[in-house]
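> coordinates only, no sequence provided:
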């Protein structure tokens, strides 16, 4: 159970950082992940 909660927590952290990364990419006028990978 603890391992499952830890994994869920890790996934949520990745999602938070993905949003920050995409914001920085937009600031640099580059493509965001969804534009390069339509299956996201």
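Here it is on my side, so go on. Everything quoted here is computed from the prediction, not taken from an experiment.

> element containing the residue nearest the centre of the chain?
Centroid-nearest residue in the chain, with Cα atoms, centre = their mean: residue 18, separated by 2.4 Å. Element membership for residue 18 (DSSP states H and E) is helix 2-27.

> that helix - contacts with which helices or strands?
helix 33-36 (3 or more Cβ pairs under 8 Å, 6 or more residues apart in numbering; DSSP states H and E). C-beta here means a position set from N, CA and C on the backbone, and glycine is covered the same way.

> and residue 36, what's its pLDDT?
Per-residue pLDDT puts residue 36 at 69.

> and the helix holding residue 18, what's buried?
Judged by neighbour count (16 or more other Cβ atoms under 10 Å), helix 2-27 contains these buried residues: residue 22.

> and that helix, what's its mean pLDDT?
On average, helix 2-27 scores 79.

> follow-up on the earlier one: any idea how far the residue nearest to the centre of the chain lies from residue 34?
10 Å (Cβ to Cβ, to the nearest Å).

> check residue 2 too.
Note on residue 2: its distance to residue 34, by Cβ to Cβ, is 33 Å.

> before we move on, what about residue 25?
11 Å.

> how about residue 6?
From residue 6 to residue 34 the distance is 27 Å (Cβ to Cβ).

> also residue 26?
11 Å.

> how about residue 13?
19 Å.

> swap in residue 24?
15 Å.

> ok so, going back, so how far is the helix holding residue 18 off the chain centroid?
Distance, stretch centre to chain centre, for helix 2-27: 5 Å (Cα atoms, centre = their mean, to the nearest Å).
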